[in-house]
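# can't give you the sequence, but here's the structure:
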């Protein structure tokens, strides 16, 4: 039992979580740069661009994409992957481009505030 606990603790130390409130930003930016992608491609692109640090789980990605569809930030259409599987492909809308600007601005404001705290602490 102790070995299992140590192994899990070691795995947890090596895993970095996506900061709260940044998932929309990451998805929107990925679609802005890469264009039309299905969910797995979005997750893989974020993982790759982050040097394998930011892993978006299916349980977070697809509900976020659904909320983004409702907001009108992305649109979706069914297509076929290169592996000949049916998948929903997402593209950024005009509203999504506007929201990306808002998300970037909010992120930069928060990161600046955190940096100021770290510099004075």
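It's in. Just so you know, these numbers come straight off a predicted model, no measurement behind them. Numbers count the residues shown, from 1 in each chain.
# all strands for the chain, in order.
37-38, 74-80, 86-92 (DSSP state E).
# so who does residue 17 touch?
Residues in contact with residue 17 (Cβ atoms under 8 Å, 6 or more residues apart in numbering): none are found. Heads up, the C-betas are built off the backbone N, CA and C, glycines and all.
# For it, grab phi and psi.
Torsion angles at residue 17 (phi, psi; degrees, to the nearest 10) stand at phi -100, psi 150.
# cool, and the one 3 residues further on?
Residue 20 has phi and psi values of phi -50, psi 140 when expressed as degrees, to the nearest 10.
# What's the separation between it and residue 85?
32 Å (Cβ to Cβ, to the nearest Å).
# wait, what's in contact with the nearest residue to residue 91 once chain neighbours are set aside?
Setting aside the residues directly before and after it, residue 91 is nearest to residue 36 in space (Cβ to Cβ, 6 or more residues apart in numbering), at 4.9 Å. For residue 36, the contacting residues are 89, 90, 91, by Cβ under 8 Å, 6+ apart.
# If we use 10 Å, what do you get?
Under the criterion of Cβ atoms under 10 Å, 6 or more residues apart in numbering, the neighbours of residue 36 are 75, 76, 77, 79, 89, 90, 91, 92.
# When residue 20 and residue 85 are compared, which one has more neighbours?
It is residue 85, of residue 20 and residue 85, that has more neighbours when counted by other Cβ atoms under 10 Å, with 10 against 6.
# Compute the inter-axis angle for the lengthiest helix in the chain and strand 86-92.
Using DSSP state H, we find that the single longest helix of the chain is helix 94-120. Helix 94-120 runs at 70 degrees relative to strand 86-92, counting by axes from the mean of the first three to the mean of the last three Cα atoms, to 10 degrees.
# Show me which positions of helix 94-120 end up buried.
96, 99, 100, 103, 107 (16 or more other Cβ atoms under 10 Å).
# Just want the angle from that helix to strand 74-80.
110 degrees.
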